[in-house]
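Colleague: just need the structure, nothing else, for what follows:
(2 chains)
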Amino acid sequence: MSTRVYVPRDAASLALGADSVAAFLRQAADVEVIRTGSRGLFWLEPMVEVATSDGRIAYGPVSLADIPGLIEAGMLTGGAHPLRLGVPEEIPYLARQTRLTFARCGIVDPLSLDDYRAHGGLKGLARAIEIGPTATIEMVTHSGLRGRGGAGFPTGIKWKTAADAKGERKFIVCNADEGDSGTFADRMLMEGDPFVLIEGMAIAGISVGATKGYVYTRSEYPHAIAAFNAALDVARREGVLGAAVLGSPHAFDIEQRVGAGAYVCGEETSLLDSLEGKRGQVRTKPPLPAHKGLFGAPTVINNVVSLASVPIILTEGAEYYREMGMGRSRGTMPIQLAGNIKYAGLFECGFGVTLGELVNDIGGGTLTGRPVRAVQVGGPLGAYFPPALLDTPFDYEAFAARDGLIGHGGIVVFDDTVDLAKQARFAMEFCAAESCGKCTPCRIGSVRGMEVIDRITAGDQPEANLELLRDLCHTMKFGSLCALGGFIPYPVMSALEHFPEDFRAVHREAAE
Amino acid sequence: MAGFEPWTKERGTAIIGSEAAREGATLPILHALQAAFGYIHAEAVPLIAETLNLTRAEVHGVVSFYHDFRRHPPGRHALLLCRAEACQSLGADALASHVHERLGVGWHETTSDGAVTLQPVFCLGLCAVGPSAMLDGNPLGRLNCARIDAALDRVR
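Modeller: Modelled structure (predicted):
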């Protein structure tokens, strides 16, 4: 019998050559190669796992040149080799995590529903059908789950609002427009465990009385789009989706739509406009999407990770989930360690871990080996924190208290070669390029912001222009319609506050 | 990379018709047209407007709003180079300068031999293996000048 070998097909693993590793293994040995998602330990990718009598044994990072030697060393029976990592779950990076939402990612064949079931899948949906909508929504509310897209709004309350709203039809919309730099959790999940998102959406649909769901996935994620569409086909064929979800009287189906490169469509109301076939412009609220959302119907719009966290809550109970975390941030968060960091990857754990633990202890500091100078958390709208703020615990409120945000949980590390004035200018430039144009503070403010920063760094009346920049940021923060213009002041003002020396023309001339 | 078919009104009309029944069909139609022809031909705009009962201005507004939709034919190969913060932290700006110099093109431009169109992209979700890019849909990670040159050599 051929030995089972697992090779990830996560886009980041493919970016490091996983496809050719899989092809070469098939040629070089009598193996059955199963393509999985990634465990999220990207410095070890491509990470190959072999099914042995002692369970799975991992090797990595495996390059094509390593394969003959690995096979000679007895890799197919778990033999010793410098690249042997042992039992994957015992690798400290994984052993320290609490994997709930990502429990199956990197382990299962993403398109095998049998595999999904064998690893605890579909129990949450079965339970939701058994206990009914009201009890399901109460459970989600009680779990303390908050929106993982960034806003942190309680998921259960959103569901209850849509459930109570009157409408001939209702929708579940999944926001898979994961545009923040430093984030890739949605992508990994859709490529590595797409059924958990389908299950979460079906639970949401049954809970609020919606029979149709849309997933809006960004076009920059072709592998996630393909994997999720393939999973939808399987789910329909196996009766997870369709006229009778798992044989119940509930109907629910999902259609995936693809974005077109507009960052602002990650904002929920512009996403809805985009789904309706319009320019992705932000809507004023009220009305809330839960009252009047997609095509004017009551709509629940949640992030991928929020929806994918629901099945485990239904399976294990609200108490189990809410026991983890700190303050009002309950449960686990899949944190993404990215940029200039030694151990880049996905780290799911309860809220409360400090930024310093994540960056230095777990992440191993910078990849370049130089000192950490700045850490941006929460994507292009997130603040730049200096090393002095690394004691901030990962918690919605703790970050807000320090004029930052956790956003979708992406952490981007910069070493001491970073120029924070340049990063601040980039934030304004990004906002100018991505503004939907509906409100003036964002559309015009971002362009003026670039110009003002240019004047400051050129030494043109720096004090007066710094005052002007602060005033402009204040206007954008409080006058913008959505988080794009409203939060762009975070990276700009944090750069100015914590790294003022980078904005001095004298310093800049010396550096150049 | 698979070549694109030349624009014809007949094929365009057929593609628009095949997606038109979806609710909010504008983006699916535009994606389907671009997948077939490589860009959105100006003649497609009134056809979409008529099919979806929209004004031409509305359709034009959608085409021009989204970065993805091109209004001119692209090169035979598409290089998407990430310019976002995580890749910046590992030298994406220097890599971009190198690519500009090597290809002799700016952003959104195509090399004179029609081989490669260079596009900026803000995040490919490959932030743990940056600097990153996507060449004809294939992700590339941990790029440096030599690695991107080798990848470009393979397609040119």
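
Colleague: list the contacts for the residue nearest the centre of chain B?
Modeller: What sits nearest the mean C-alpha location of chain B, by C-alpha atoms, centre = their mean, is B:Asp68, with 5.4 Å. Each residue near B:Asp68 by C-beta atoms under 8 Å, 6 or more residues apart in numbering or on different chains is listed here: A:Ser219, A:Gly259, A:Ala260, A:Gly261, B:His31, B:Gln34. From N, CA and C alone the C-beta is placed, and that goes for glycine too.

Colleague: check whether stretch A:42-57 contacts chain B.
Modeller: Yes - in terms of C-beta under 8 Å from any C-beta of the partner chain, part of stretch A:42-57 sits within range of chain B, namely A:Phe42, A:Glu45.

Colleague: B:His100 contacts B:Thr111, doesn't it?
Modeller: No - B:His100 lies out of contact with B:Thr111 (C-beta atoms under 8 Å); the separation is 11.1 Å.

Colleague: between these two, who's got more neighbours?
Modeller: Using other C-beta atoms under 10 Å in any protein chain shown as the criterion, B:His100 and B:Thr111 rank with B:Thr111 on top: 19 against 15.

Colleague: pLDDT at the more buried one, what is it?
Modeller: Among the per-residue scores, B:Thr111 holds a pLDDT of 97.

Colleague: what is the end-to-end distance of stretch A:41-58?
Modeller: Counting by C-alpha to C-alpha, to the nearest Å, you get 12 Å between the two ends of stretch A:41-58.

Colleague: now it, how far from the chain's geometric center?
Modeller: Remark: stretch A:41-58 is offset 24 Å from the chain centroid, using C-alpha atoms, centre = their mean, to the nearest Å.

Colleague: now residue 39: phi and psi?
Modeller: I went with chain A, as the question did not name one. Here is the backbone geometry of A:Arg39 (degrees, to the nearest 10): phi -70, psi -20.

Colleague: that's the other chain; I wanted chain B
Modeller: In terms of degrees, to the nearest 10, the main-chain angles of B:Tyr39 are phi -160, psi 170.

Colleague: equivalent analysis for the one 4 residues further on, please.
Modeller: Taking degrees, to the nearest 10, you get phi -70, psi -20 for the backbone angles of B:Glu43.

Colleague: what about the residue nearest to the centre of chain B, is that helix, strand or coil?
Modeller: Recorded secondary structure, B:Asp68: coil (DSSP: H, G, I helix; E, B strand; the rest coil).

Colleague: could you do A:Pro82 as well?
Modeller: Three-state call for A:Pro82 (three-state DSSP): coil.

Colleague: count of neighbours near it?
Modeller: A:Pro82 has 9 neighbouring residues, counting by other C-beta under 10 Å.

Colleague: wait, B:Cys145 sits on B:Ser97?
Modeller: No - checked against C-beta under 8 Å, the pair B:Cys145 and B:Ser97 is beyond contact range at 9.7 Å.

Colleague: these two: which is more packed in?
Modeller: For B:Cys145 and B:Ser97, the more surrounded residue by other C-beta under 10 Å is B:Cys145, and the numbers stand at 15 against 11.

Colleague: give me the secondary structure label for the closest residue to that one other than its chain neighbours.
Modeller: In this structure, B:Cys145 finds its nearest non-sequential neighbour in B:His98, 4.8 Å apart by C-beta to C-beta, 6 or more residues apart in numbering or on different chains. Using three-state DSSP, the structure places B:His98 in helix.

Colleague: now B:Leu80
Modeller: Secondary structure assignment for B:Leu80 (three-state DSSP): strand.

Colleague: can you report phi and psi for the closest residue to A:Pro154 other than its chain neighbours?
Modeller: Distance criterion C-beta to C-beta, 6+ apart; nearest residue to A:Pro154, sequence neighbours excluded, is A:Arg146 at 5.5 Å. Per-residue torsions, A:Arg146: phi -120, psi 160 (degrees, to the nearest 10).

Colleague: A:Arg146 and A:Arg4: what is the separation?
Modeller: Separation of A:Arg146 from A:Arg4 (C-beta to C-beta, to the nearest Å) stands at 39 Å.

Colleague: okay, those two: which has more neighbours?
Modeller: When A:Arg146 and A:Arg4 are compared for neighbours, A:Arg146 comes out ahead with 24 against 15, by other C-beta under 10 Å.

Colleague: please tell me how far that one sits from A:Gly449.
Modeller: Here A:Arg146 is placed at a distance of 30 Å from A:Gly449 (C-beta to C-beta).

Colleague: can you give me the neighbour number for residue 22?
Modeller: Answering for chain A, as no chain was given. By other C-beta under 10 Å, the residues close to A:Ala22 number 22.

Colleague: that's the other chain; I wanted chain B
Modeller: Residues within reach of B:Arg22, counting by other C-beta under 10 Å, total 14.
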